[in-house]
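>>> With the sequence up front, the predicted model follows.
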Amino acid sequence: MSQSIMHCHKPFVTVIFFGAILIFVVGSYLAANSAVTLLRTADEWPTVQNFSWSVSDLVQGDKETMVKSPNGSRPSKDVTRQLGRGAQMTDSSSKVEPVIFLTKGSYSPKWSSTLRESIQKVLSQLDPELQVQYILQAKKYETQHSESIHQLTVALQWDFLVKFLEAVGYTQRFPDFINIGVKKSGTNALGFFISQHPLISHSIGNEVHFFDWNYEKGLDYYRSKMGFSSKFQLSFEKTPRYFVTDSAPGNILKDLGNATKFILMVRDPISRLKSDFRHERELGLRRTRSKNTRKRVATSPEAEGKMLTSLILDGRGNINSSSDVVRTSSYSVHLKIG
Ligand SMILES: Nc1ncnc2c1ncn2[C@@H]1O[C@H](COP(=O)(O)OS(=O)(=O)O)[C@@H](OP(=O)(O)O)[C@H]1O
């Protein structure tokens with residue numbers, strides 16, 4: 001009886017199976033095709049291509065670099081499950097003050113880079129098992145030296161943390177992949193989601209700004225801004241300004257080699273421009289207010305509109321391509337089909 005049902009269902013199951021494969025193949029083809037069309041359209045834009053990120057550089061290389069643990073499984077502790085819980089880790093047998101770690105879910109886009117905050121940030125990104133090991137090491141230190149690590153200077157606390165991490169195989173490595181932009185296209189949101197993955201180590205600060213603003217500080221400075229990662233993890237940073245920094249692609253290639261992968265997010269150029277304008281306007285207002293808190297800056301939709309117009313149009317009413325907001329939205333200026 002059950003055999004005849006199986007016989008009856010077999011062709012049906014086969015049809016569903018091959019149907020699903022067909023839908024997947026056609027779907028992938030269409031998605032790839034629309035990406036190619038998008039790039040072709042960008043190539044046809046009548047803008048000067050005096051400098052560029054090469055698309056072939058962006059997509060080249062082995063895509064299977066998502067590293068797995070040695071036996072091919074996921075790591076034992078999936079820290080993503082703590083998302084948003086704001087967990088506290090305390091050790092009840094300890095007489096020292098409980099160590100409170102923020103979880104990854106407590107992410108704020110305004111990650112600061114003071115050493116104290118860096119310590120907290122690095123600890124918060126650790127796997128819970130390692131956090132426990134760190135507490136035990138801190139207690140051991142206290143027993144041996146009759147002082148809590150919290151009594152040490154912040155620089156020594158950092159040193160202690162680095163030594164601990166190196167001992168368990170975690171080092172600061174140059175990024176395996178970088179989100180290079182584009183500004184105002186949701187890079188913060190993606191950075192946040194990426195940082196939740198247990199096999200990805202996010203840079204300590206939100207944006208590193210090495211290849212644009214801090215290049216002269218050297219590679220040791222750059223490395224010091226990266227998160228701590230094991231050999232099973234991928235190291236990641238995002239700095240949207242790299243996309244519009246002329247020297248960035250050459251310097252990245254020179255310093256990091258061509259195995260580095262990139263994420264480039266784009267958004268409708270006009271919406272992006274408007275969002276960028278609002279962002280810069282808000283920053284400008286904040287700066288003005290902090291200089292003179294009593295000074296009130298009059299704003300109205302009309303005034304804002306005029307300001308935007310004067311920013312994107314030159315005296316003759318033509319698009320002002322040297323304006324920052326326009327230049328950043330001119331994707332094809334920065335992107336070359338390789
Ligand atoms: N998930 C998701 N989907 C779509 N859009 C999103 C998403 N997350 C953020 N946003 C919008 O992205 C804008 C902020 O982009 P960025 O994080 O790249 O800004 S920044 O460059 O780091 O300043 C900002 O756009 P505007 O609101 O138009 O200013 C966000 O609202």
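Yes, it's here.
>>> Specify the local secondary structure of F262.
strand (DSSP: H, G, I helix; E, B strand; the rest coil).
>>> for the ligand, what are the nearby residues on the stretch 51-200 of the chain?
Applying CB under 6 Å from any ligand atom, we find that the stretch 51-200 of the chain lies next to the ligand at 183-189. The way it works is simple: take the backbone N, C-alpha and C, and place the C-beta from them, glycine included.
>>> Which ones among these lie within strands?
Counting by DSSP state E, these place none of their members in strands.
>>> Now render the residues you listed as CSV, adding neighbour count and pLDDT.
Below are those laid out as CSV (neighbours: other CB atoms under 10 Å; pLDDT from 0 to 100):
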residue, neighbour count, pLDDT
K183, 21, 96
K184, 23, 95
S185, 23, 95
G186, 14, 93
T187, 24, 94
N188, 16, 92
A189, 11, 91
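>>> okay, those residues in TSV with distance to H202 next?
Output for these, formatted as TSV (distance: CB to CB, whole Å):
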residue	distance to H202
K183	18
K184	20
S185	18
G186	16
T187	12
N188	12
A189	13
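>>> among those residues, which two are most distant?
Using CB to CB, these span at most 13.2 Å, a distance reached by K183 and A189.
>>> Where do the domain boundaries of this protein fall?
Per the record, the chain has its domains at 2-44, 79-167, 269-336, by automatic domain parsing.
>>> by contact count, what packs against the helix or strand that S201 is a member of?
According to DSSP states H and E, S201 maps onto strand 200-202. With contacts taken as 3 or more CB pairs under 8 Å, 6 or more residues apart in numbering; DSSP states H and E, strand 200-202 sits against helix 187-195, strand 234-238.
>>> looking at the ones you listed, which is buried most?
Stretch with highest mean neighbour count among these: strand 234-238 (a mean of 23; mean count of other CB atoms under 10 Å).
>>> Tabulate the CA atom coordinates of whichever helix or strand comes after it in CSV.
Using DSSP H and E, the helix or strand that follows strand 234-238 in sequence is helix 248-256. Extracted in CSV, the C-alpha atoms of helix 248-256 (Å, rounded to 0.1, in the frame of the first residue of the first chain):
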residue,chain,number,x,y,z
ALA,A,248,42.4,54.8,-2.3
PRO,A,249,42.2,52.0,-5.0
GLY,A,250,46.0,52.2,-5.8
ASN,A,251,47.0,52.3,-2.2
ILE,A,252,44.7,49.5,-1.2
LEU,A,253,46.1,47.3,-4.0
LYS,A,254,49.7,48.3,-3.0
ASP,A,255,49.2,47.7,0.7
LEU,A,256,46.7,44.9,1.0
